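1. Build me a model:
(one chain, ligands or ions: 3)
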Amino acid sequence: MPPAQVWDGRRTRRRAAGAGRGVWSLAAGRRDPVGAGVPPRGAGGGGARRGRDEAERRGPGGAGGRPWEECFQAAVQLALRAGQIIRKALTEEKRVSTKTSAADLVTETDHLVEDLIISELRERFPSHRFIAEEAAASGAKCVLTHNPTWIIDPIDGTCNFVHRFPTVAVSIGFAVRQELEFGVIYHCTEERLYTGRRGRGAFCNGQRLRVSGETDLSKALVLTEIGPKRDPATLKLFLSNMERLLHAKAHGVRVIGSSTLALCHLASGAADAYYQFGLHCWDLAAATVIIREAGGIVIDTSGGPLDLMACRVVAASTREMAMLIAQALQTINYGRDDEK
Ligand SMILES: O=P([O-])([O-])O[C@@H]1[C@H](O)[C@H](O)[C@@H](O)[C@H](O)[C@H]1O
Ligand SMILES: [Mg+2]
Ligand SMILES: [Mg+2]
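-> Ligands and ions are numbered 1, 2, ... in the order given. Model prediction:
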């Protein structure tokens, strides 16, 4: 890995980034954003900690017999708190460093938010494990065991965040016995909270999500992301994959700069498919539950079952669409998260 360079980007642009324009109010005392009895913002600090040992004792049965209820509520609270920090920081100056490539960026806010989420969760659920983007970048191993494991992307869309492009999210997934239980993704500037719980549906700000159901690639809007590698061979494959889908007469191929939010668009029926090489388990974990609970399919680019650690995915509104896309793609090798 090249040494991290520091770009003390003193940006002069002062363009408003859309913060605060969402229809969803986060002011104190507002309605429950997921229709799941979420306490008001501010209750997640000391108040959240009160239940920590109790939650451990309750185990998977959770409050009211809902599996992992305490964990889900904690994830929602933390995503909202993190989103508020990110929304404020979006228009401020940032210290930007690079990671695996010149296009793979990280800021002090990525670290701040990741540390906040992990420290709160660790205090509340001391036996749980964590896989998180910036910890992995510092050398922590990404191993998914049978233990309850949180899979965290503190800012998804860091490149957007650096440029004040207002498409950024917090993503928190949770797996037990290597099975994804729930996912929480918060679109920080539009204040949209996406949630999915295994067997309990997927929602955005309390509205049920459903995929489009489209099966025909020639009627599809397809989303993808570029991934961090920019060497000529990788770029050639990336562009050639896009070309293949356009030759197959897809209506369009879009890149929005946040894999988690692109996957949420698929879950909400605003797009019909998504594929990518080079995304990570923290980009995919929460979104996978949301898409599956919205009726969609998430598989490996080979057409086989999803491998969360394989850094590649095809997701679609139907299996037919997923297979058509998988068959069209050439593989770009990014290695595995659990082998780095
Ligand atoms: O680094 P990050 O902004 O959290 O996540 C990245 C973004 O989702 C980007 O759009 C995608 O191309 C990368 O593959 C992701 O890793
Ligand atoms: Mg990130
Ligand atoms: Mg990400």
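2. Identify the residues contacting the residue in the stretch 201-340 of the chain positioned nearest to ligand 2.
-> Of all residues in the stretch 201-340 of the chain, residue 282 sits closest to ligand 2, at 6.9 Å by Cβ to the ion. Heads up, the C-betas are built off the backbone N, CA and C, glycines and all. By Cβ atoms under 8 Å, 6 or more residues apart in numbering, the residues touching residue 282 are 131-133, 136, 151-153, 156, 171, 173.
3. Ok, residue 133 next?
-> By Cβ under 8 Å, 6+ apart, the contact list for residue 133 reads 110, 114, 152-154, 280, 282.
4. rerun at 10 Å
-> By Cβ atoms under 10 Å, 6 or more residues apart in numbering, the contact list for residue 133 reads 99, 106, 110-111, 114, 140, 142, 151-156, 158, 171, 280-283.
5. what about residue 264, helix or strand, and which?
-> Element membership of residue 264, judged by DSSP states H and E, is helix 259-267.
6. check whether that helix contacts ligand 1.
-> Yes - counting by Cβ under 6 Å from any ligand atom, ligand 1 has neighbours in helix 259-267: residue 259.
7. rewinding a little: quick one, which of the contacts of residue 133 are buried?
-> 99, 106, 110-111, 114, 142, 151-156, 158, 171, 280-283 (16 or more other Cβ atoms under 10 Å).
8. Contact partners for the residue in the chain positioned nearest to ligand 3?
-> Closest to ligand 3 within the chain is residue 156: 3.6 Å, counting by Cβ to the ion. Residues near residue 156 by Cβ under 10 Å, 6+ apart: 110, 133, 167-171, 185-188, 225, 257-263, 279-280, 282-283, 286-287.
9. Now intersect these with the strands, please.
-> Using DSSP state E, 169-171, 185-187 are the members of these that sit in strands.
10. unless I'm mixing things up, residue 204 is touching residue 290, no?
-> Yes - contact criterion Cβ atoms under 10 Å: residue 204 and residue 290 qualify, at 8.8 Å.
11. higher neighbour count, those two?
-> Legend: neighbour count by other Cβ atoms under 10 Å for residue 204 and residue 290, higher for residue 290 (32 against 22).
12. Can you tell me the element that one falls in?
-> Per DSSP H and E: helix 281-293 holds residue 290.
13. Please apply the same query to residue 238.
-> Following DSSP H and E, one finds residue 238 within helix 232-247.
14. Residues of this structure that sit close to ligand 1?
-> Taking Cβ under 6 Å from any ligand atom, the part of the chain that reaches ligand 1 is made up of 133, 153, 155-158, 225-227, 257-259, 278-280, 283.
15. The residue nearest to the residue of the stretch 201-340 of the chain closest to ligand 2 when sequence neighbours are not counted bridge partners, please.
-> Spatially, and ignoring its direct neighbours in sequence, residue 282 is nearest to residue 153 (3.9 Å; Cβ to Cβ, 6 or more residues apart in numbering). Beta-bridge pairing for residue 153 (DSSP bridges): residue 171.
16. I figured residue 153 was touching residue 280, is that so?
-> Yes - in this structure, residue 153 is within contact of residue 280 by Cβ under 10 Å, at 7.7 Å.
17. so how many other residues sit close to residue 136?
-> Residue 136: 19 neighbours (other Cβ under 10 Å).
18. Please renumber the chain so that the first residue is 53 from this point on.
-> Got it, first residue is 53 now, which makes that one residue 188.
19. residues touching the nearest residue to it once chain neighbours are set aside, list them.
-> Closest residue to residue 188 apart from its sequence neighbours, by Cβ to Cβ, 6+ apart: residue 194 at 5.4 Å. Residues near residue 194 by Cβ under 10 Å, 6+ apart: 182-185, 187-188, 201, 203, 332-334, 360-361, 388-392.
20. Please, which helix or strand holds residue 130?
-> Using DSSP H and E, residue 130 falls within helix 121-141.
21. List the buried residues in that helix.
-> Neighbour-count burial for helix 121-141 flags 121-139, 141 (criterion: 16+ other Cβ under 10 Å).
22. What residues does residue 365 make contact with?
-> Going by Cβ under 10 Å, 6+ apart, residue 365 touches 311, 315, 326-329, 331, 335-336, 339-340, 343, 350-353, 358-359, 374, 378.
23. one more time with 7 Å, if that's ok
-> 327-328, 331, 336, 350, 353, 358 (Cβ atoms under 7 Å, 6 or more residues apart in numbering).
24. just checking, it is part of a strand?
-> Yes - under DSSP: H, G, I helix; E, B strand; the rest coil, residue 365 sits within a strand.
25. So what sits opposite it in the bridge?
-> According to DSSP bridges, beta-bridge pairing links residue 365 with residue 328.
26. Also residue 148?
-> The partner residues for residue 148, given DSSP bridges, come to residue 59, residue 159.
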